[in-house]
Each structure stands twice: as structure tokens, then as C-alpha cells.
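# quick one, what's the 3D model for this:
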Amino acid sequence: MVDYGWCPKWQLPQGVQARITTVSEPGNLATHVNDNPILVASNRTQLAQELALPQPPKWLAQYHSTKVIEAQQAKLDEPADAIWSAQPQTVCAVLTADCLPILLCSDCGDVVAAIHAGWRGLAQGIVAETLTQLPLPANQFRAFIGPAIGPKHFEVGGDVYHAFEGLGVVDSQSFKPHIKGKWLADLPLLAERVLQKLGIQNVTQSAICTFSDERFFSYRQDPTCGRFASLIWKN
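Below you'll find the predicted structure:
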């Protein structure tokens with residue numbers, strides 16, 4: 001595939017492709033951040049052309065929910081936070097800027113999914129809801145956790161800590177005590193543990209922090225920033 005954006009270091013079945021865009025390639029892809037809609041449309045067109053996508057991505061209107069949609073049922077800007085497909089040449093995509101982009105692929109390459117998981121969605125069960133809707137069991141999937149805010153920069157309060165307490169994923173690694181009443185949370189680690197508890201043992205992390213890596217947008221660095229895309233599809 002053409003060298004465009006950032007290619008996840010993730011072993012995929014033959015015929016499955018994944019790609020993550022950057023600040024410069026092609027730039028902001030979100031329509032809800034007060035960017036010029038003409039520029040956003042141009043960036044989306046450039047993305048499809050540079051990656052030779054089989055179809056335009058199925059863009060979602062994400063809202064930190066647990067709603068999952070099958071790609072063939074999704075309308076433009078469908079309100080949802082996860083999308084999946086068992087059809088070839090269907091591009092599943094999510095937009096993020098510190099939240100977790102989680103990509104799923106069945107070991108046989110027949111089913112792919114993209115999940116947008118902020119801490120709320122992760123704690124409330126967006127991953128579990130996605131796996132419930134997929135036509136294959138969880139143990140037949142592999143997962144990739146894309147660039148997101150890292151544990152050195154994700155300072156959280158008791159609301160976040162307590163949201164994860166009942167999930168069996170909280171310890172001194174996932175939540176490191178910080179200043180009084182605050183923790184440094186490892187969101188990618190929390191996601192990995194959630195995935196494994198749900199049956200996906202093959203989990204790969206990007207180990208890229210959006211807050212400190214200038215290739216990616218970061219909401220905590222700049223609340224007016226754009227969003228980058230994480231995409232997966234099968235040819």
C-alpha cells in the first residue's frame with residue numbers, strides 16, 4: 001500500500017488493510033470541530049484517493065455512547081461509536097484526538113470493526129456491545145489499540161477511577177496515584193484488559209501518546225484541534 005498516514009504495526013490476515021491518518025496526511029477529517037467544511041470534504045477526498053479506498057469511509061457522528069452499527073445499515077453521520085462489517089470493500093472508520101481508536105479483525109479476515117472509546121465509552125461497555133453484535137466469537141478476533149493519550153498525561157479524578165472499579169481492571173499500573181484526589185490513568189492498558197476479559201487475547205498496542213506525539217491531534221493539548229481517522233477494511 002502507498003506510504004500515507006501511519007501504518008499500524010499489526011499482523012493482519014491477507015486482504016485486510018488498516019491505516020491511521022495524521023495531522024498532515026491529510027489533516028482534520030471531522031465536521032464537528034468548526035473547521036471549514038469545504039476543507040474537511042477536501043481532506044476526506046484526498047484520503048480516499050491516496051489510500052485507493054474501495055469506497056468512502058462510513059463516517060459516524062460519535063457521542064461517547066455504546067451504540068454499534070453494522071456498516072451496511074449506517075447512514076451518513078450515523079450516531080454511533082462503533083462500526084463493523086463482514087462485507088468486502090467496506091471501510092470502517094472512527095475519529096479521535098486522545099480517545100482510543102480500537103480496530104478489530106477476525107483471524108480469518110472475514111469481519112472487521114472500528115471502535116471509538118473514550119474513558120466513558122470504555123467503562124460503559126462499548127467494546128462488549130461491539131463484540132455482542134459481531135457474527136463470530138470474541139476469541140476469534142485480534143485487536144489493535146491505536147494512538148491515544150498516554151499514562152504520563154492522562155490525569156483523572158475519582159469519577160474515572162470509580163467508573164472502572166467494577167470491571168476488575170484497576171490496580172497500581174492502570175491508575176497511578178498523582179496529586180491528592182487525582183490519578184494518572186493508563187487508558188490503553190485499561191482497554192487491553194477489557195478486551196482480554198471479554199475473550200480477545202491477541203491485543204497489540206501502538207504505544208503512541210497523542211498528547212506528546214505531534215503527528216496526531218490531541219484534545220487535551222488543544223481543545224479546538226481536529227480529529228484523525230483509524231480505518232480498517234478488507235479487499
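# now do the contacts for the residue nearest the centre of the chain.
Centroid-nearest residue in the chain, with CA atoms, centre = their mean: residue 101, separated by 1.1 Å. When contacts are counted by CB atoms under 8 Å, 6 or more residues apart in numbering, residue 101 touches 20, 94, 114-117, 145-148, 230. Any C-beta I mention is one placed from the backbone N, CA and C, and that applies to glycine too.
# likewise residue 74?
By CB under 8 Å, 6+ apart, the contact set of residue 74 is 58, 60, 80, 83.
# contacting residues for the first one?
The neighbours of residue 58, taking CB under 8 Å, 6+ apart as the test, are 71, 74, 78, 83, 85, 90-93.
# among the residues you listed, which ones are in strands?
Counting by DSSP state E, those place 78, 83, 85, 92-93 in strands.
# residue 138 is in contact with residue 106, correct?
No - Residue 106 is not in contact with residue 138 according to CB atoms under 8 Å; the separation is 10.1 Å.
# taking the contacts of residue 101 one by one, which sit in strands?
The strands, defined by DSSP E, take in 20, 94, 114-117, 145, 230 from the contacts of residue 101.
# now those residues in a markdown table, with distance to residue 185 and pLDDT?
Listed next are the ones in strands among the contacts of residue 101 as a markdown table, based on distance: CB to CB, whole Å; pLDDT from 0 to 100:
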| residue | distance to residue 185 | pLDDT |
| --- | --- | --- |
| 20 | 22 | 98 |
| 94 | 20 | 99 |
| 114 | 23 | 99 |
| 115 | 18 | 99 |
| 116 | 18 | 99 |
| 117 | 13 | 99 |
| 145 | 14 | 99 |
| 230 | 21 | 99 |
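# need the max-distance pair from the residues you listed.
20 and 117 (14.9 Å; CB to CB).
# these two: which has the busier surroundings?
residue 117 (30 against 24; other CB atoms under 10 Å).
# which residues sit in contact with the residue nearest to the more buried one when sequence neighbours are not counted?
In space, and not counting its chain neighbours, residue 117 is closest to residue 100: 4.2 Å by CB to CB, 6 or more residues apart in numbering. Contact analysis of residue 100 by CB under 8 Å, 6+ apart lists 115-118, 122, 145-146, 148, 187-188, 191.
# of all these, which comes closest to residue 218?
The closest of the contacts of residue 100, once distances to residue 218 are taken by CB to CB, is residue 148, at 9.5 Å.
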